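K.L.:
Just a sequence and a predicted model for now, questions to come.
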Amino acid sequence: MKRLSSLLVCLLTLAACQSKLPATLSSPDGHIGLTFSLTDEGAPRYAVTVNGKPFIVTSALGLEADGVNLTDGFHVTNIECASVDEAWTQPWGENKENRDCHNAMTVSLEGEGGVQMDVEFRVFDDGLGFRYLVDAPQDTVVVRGEKSEFRFAADGESWSIPGDFNSYEHLYRRMPLSEVPDANTPITVKFADDLYASVHEAAIYDYPEMVLRNIGGTAFQSALAPLSMQPGAPCAILDEDFSTPWRTVQISPSAVGLVNSALILNLNEPCKIADVSWIKPMKYVGVWWGMHLGIESWGGDPYHGATTEAALRYIDFAAANNIQGVLFEGWNDAWRGSEALPDFDFTKAAQDFDIEKVLSYAREKGIAFISHNETGGNVPRYEDQLERSFDWLEAGGVHAVKTGYAGGGLVGGIPRHSQFGVRHFQKVVEEAAGREIMIDAHETIKATGIRRTWPNFMTRECARGMEYNGWSAGNPPSHHEILPYTRLLGGPMDYTPGVFDVQYRNIAGKKQVRTWGQPGTECRVNTTLCKQIANWVVLYSPLQMACDLMENYQGHPAFQFFRDFEADCDASKALQGEVGEWIAVVRRAGGKYFYGATTDECARDIVQPLDFLEEGRGYEAVIYADAPDASWKKAPYAYTITQKTVTAADTLTFHLASSGGVAVSFIPIP
Ligand code: CA
């Protein structure tokens, strides 16, 4: 939580290294070592050590492309090294101030037919990244696959979702690394009590996503999403001169060290938006959860949720509760067209939604209107309307849009995570940036840190969120203690936490209008109420939703935490925890601190030193805790609120019920 010294200056040292192989590079603190070599056939290889011990044994590098050999036949033409130590800031984030301290090495290779390929490595104290920069002697390069390998020296316990090119909305698997057949990233592994790692990627632009495929034991190879699911489809079509995203391995002696790593952001380019004053984190509520509960609809029937009347009530509720935004899913012309070719109009309101009246009322009350563009995966139709609909939003003073691509993939059978998808999602972000619109994207490409470059890309889904609790067996307790150590390493998630009526008691007997999901499944939220509160802190999102029906918050004493909570934090720290078991996080916003801790199905007691607080100051701590008899199965609503005066010298102990949590606001005493 300490601020970076303002004396820290950017240090960049360039040096020509010995072009003798093997070439070596180490982290600034020396504990991570990387070696680059070529085989006798001129095939590039790398290996990594941690504390002098093999971590990734000799592993292949390279790409597969039509008409150009990018896997062997290379010789080294130059090796260049650099050291960087610079502080940088971002308009929002877990930490607004960051430090990029790494050693870099660019190995320039020349191969058959004069093809040039640079492999660029950066090694930090918390891991490494590498990427390819290709200059081919042809106009277009058709990429068929990638040969980057990660041959781990040892087995470990892993957490991952399957390597699906269309969806990240899977349950996590906990299994030995050697038993993982394929995985999307981030895949996180505990190799030893003091060695955790996570493989992911940084800065995806105009390139398909990477998943990992097991090639034997603990060895994995990258696989790229194809441009179609037809056999033989290429993965990317690129100009002769291109670079790939970074392939990253975060490495830490503790599980929370992975969470505190800024490696993914550090491998992204600085901000490209000149004026970021309009980009602001916020808390929001909205018309959404009723649809997933099956008591409201997106429109076209008498159960439509986003009516003018509901909108005005939600705006009043937000204004009265220190909440800055309201989302209206289903405000626009409802689903038309067929299931295979859904159609929407993004500038035409539903008949019972008086958009002019709602916008003007929101403006009067100082509440942000969060629009919703559900595309059903029909990218061509969306791109046809994109400029017109964003112009229209800009004219209406709307600065935030939630996008959605519901369905099995993009229309036309194109994988969602393909180069085509990545290009589209980026186009939306850039068109939005030009009109001062922030994006919250659902069913989009994974988070790879581009928020540093395009900070209007606030948050995204890209994992199983709250919605699954509305219409399926739901997310198991440990899901919430896996996400911070896996999915959220890539960036913020719009999980939409905060259901207070976790057993849906208050809608019992209401007509179920839903015709989708898993009928007959007994649905609920598999946590205590306090874990829902704690998740507002733990599951970071700069647009943070209190997703329950507002009736469930009105008059509820525990909702005071969300009223006090600030989505715009300055600094964050994951303090304690274990992957899939528990986590404790604190975030500072100005002089206030917000703490959240959650646990899986095992109840546990946490001893929490408060040394993250500013020394020598008194704080009023308001503690929202599971009651002694609470449990997610039998007594999820049992909670206590207690107040204490504390300082940084104090230690608090908390009891967390099974799938429970604790949330604390620390307000400085003047
Ligand atoms: Ca979704």
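P.N.:
All right, it came through fine.
K.L.:
Okay, helices next: where are they in this protein?
P.N.:
Remark: helices assigned in the chain by DSSP state H are 255-259, 263-266, 289-293, 308-320, 355-365, 379-395, 419-433, 468-471, 479-482, 529-538, 560-564.
K.L.:
which of those is buried the deepest?
P.N.:
Among the helices of the chain, helix 529-538 has the highest mean neighbour count (mean count of other Cβ atoms under 10 Å), at a mean of 29. Every C-beta, even on glycine, is put in place using the N, C-alpha and C of the backbone.
K.L.:
how distant is that helix from the center of its chain?
P.N.:
18 Å (Cα atoms, centre = their mean, to the nearest Å).
K.L.:
contacting residues for the residue lying closest to Val411 once chain neighbours are set aside?
P.N.:
Closest residue to Val411 in three dimensions, ignoring its sequence neighbours and counting by Cβ to Cβ, 6 or more residues apart in numbering: Asn378, at 4.8 Å. Asn378 makes contact with Gly337, Leu341, Pro342, Asp343, Phe344, Leu410, Val411, according to Cβ atoms under 8 Å, 6 or more residues apart in numbering.
K.L.:
mind listing what Thr49 touches?
P.N.:
By Cβ under 8 Å, 6+ apart, the contact set of Thr49 is Ile32, Gly33, Leu34, Thr35, Phe55.
K.L.:
can you state the direction angle for the top strand by length along the chain and helix 419-433?
P.N.:
Scanning the chain for the longest strand, with DSSP state E as the assignment, gives strand 127-146. Strand 127-146 runs at 130 degrees relative to helix 419-433, counting by axes from the mean of the first three to the mean of the last three Cα atoms, to 10 degrees.
K.L.:
residues contacting the spatially closest residue to Leu63 that is not a sequence neighbour?
P.N.:
Nearest residue to Leu63, sequence neighbours excluded (Cβ to Cβ, 6+ apart): Leu70, at 4.2 Å. Neighbour list for Leu70: Gly62, Leu63, Glu64, Gly111, Val115, Met117, Tyr132, Val134 [criterion: Cβ under 8 Å, 6+ apart].
K.L.:
What's the separation between the third one and Gly73?
P.N.:
Note on Glu64: its distance to Gly73, by Cβ to Cβ, to the nearest Å, is 13 Å.
K.L.:
How about Trp289?
P.N.:
57 Å.
K.L.:
Pull up the gap between the residue nearest in space to the middle of the chain and Asn95, please.
P.N.:
By Cα atoms, centre = their mean, the chain has its centre lying nearest to Gly491, at 3.4 Å. Applying Cβ to Cβ, the value for Gly491 to Asn95 is 13 Å.
K.L.:
Same check on Asp629?
P.N.:
To Asn95, Asp629 is 38 Å away according to Cβ to Cβ.
K.L.:
Equivalent analysis for Gly396, please.
P.N.:
Using Cβ to Cβ, one obtains 34 Å as the distance from Gly396 to Asn95.
K.L.:
who's more crowded, the two?
P.N.:
Asn95 (22 against 18; other Cβ atoms under 10 Å).
K.L.:
How about the contacts made by the more buried one?
P.N.:
Asn95 sits next to Ala262, Asp570, Ala571, Ser572 when contact means Cβ under 8 Å, 6+ apart.
K.L.:
Now intersect these with the strands, please.
P.N.:
Going by DSSP E, the strands hold Ala571, Ser572 from the contacts of Asn95.
K.L.:
And the furthest pair within the contacts of Asn95?
P.N.:
Ala262 and Asp570 (14.4 Å; Cβ to Cβ).
K.L.:
ok, back up a step: could you tell me how far the residue nearest to the centre of the chain is located from Phe130?
P.N.:
Applying Cβ to Cβ to Gly491 and Phe130 gives a distance of 20 Å.
K.L.:
Out of the helices and strands in the protein, which is least certain?
P.N.:
strand 11-16 (a mean of 61; mean pLDDT, DSSP states H and E).
K.L.:
Where do the strands of the stretch 51-200 of the chain begin and end?
P.N.:
Here the stretch 51-200 of the chain has its strands, by DSSP state E, counting those that start in this stretch, at 53-60, 63-65, 68-70, 75-89, 97-110, 116-124, 127-146, 149-152, 157-160, 173-176, 182-183, 187-192, 195-202.
K.L.:
out of those, nearest to Cys523?
P.N.:
With Cβ to Cβ, the closest approach to Cys523 among the strands of the stretch 51-200 of the chain belongs to strand 173-176: 22.7 Å.
K.L.:
pretty sure Leu293 contacts Asn469?
P.N.:
No. Assessed by Cβ atoms under 8 Å, Leu293 is found out of contact with Asn469, at 9.3 Å.
K.L.:
Run through this structure and note the low-pLDDT ranges.
P.N.:
Counting by pLDDT under 70, the chain shows low-confidence ranges at 1-19, 515-516.
K.L.:
which one is Phe191 nearest to, not counting chain neighbours?
P.N.:
Excluding its sequence neighbours, the residue lying closest to Phe191 (Cβ to Cβ, 6+ apart) is Gly156, at 3.9 Å.
K.L.:
The one you found and Ala584: what is the separation?
P.N.:
From Gly156 to Ala584 the distance is 23 Å (Cβ to Cβ).
K.L.:
higher neighbour count, those two?
P.N.:
More neighbours surround Ala584 than the other of Gly156 and Ala584, with 24 against 17 (other Cβ under 10 Å).
K.L.:
separation between the spatially closest residue to the more buried one that is not a sequence neighbour and Ile295?
P.N.:
Counting by Cβ to Cβ, 6+ apart, Ala584 lies nearest to Ala597, which is 3.8 Å off, once chain neighbours are set aside. Separation of Ala597 from Ile295 (Cβ to Cβ): 32 Å.
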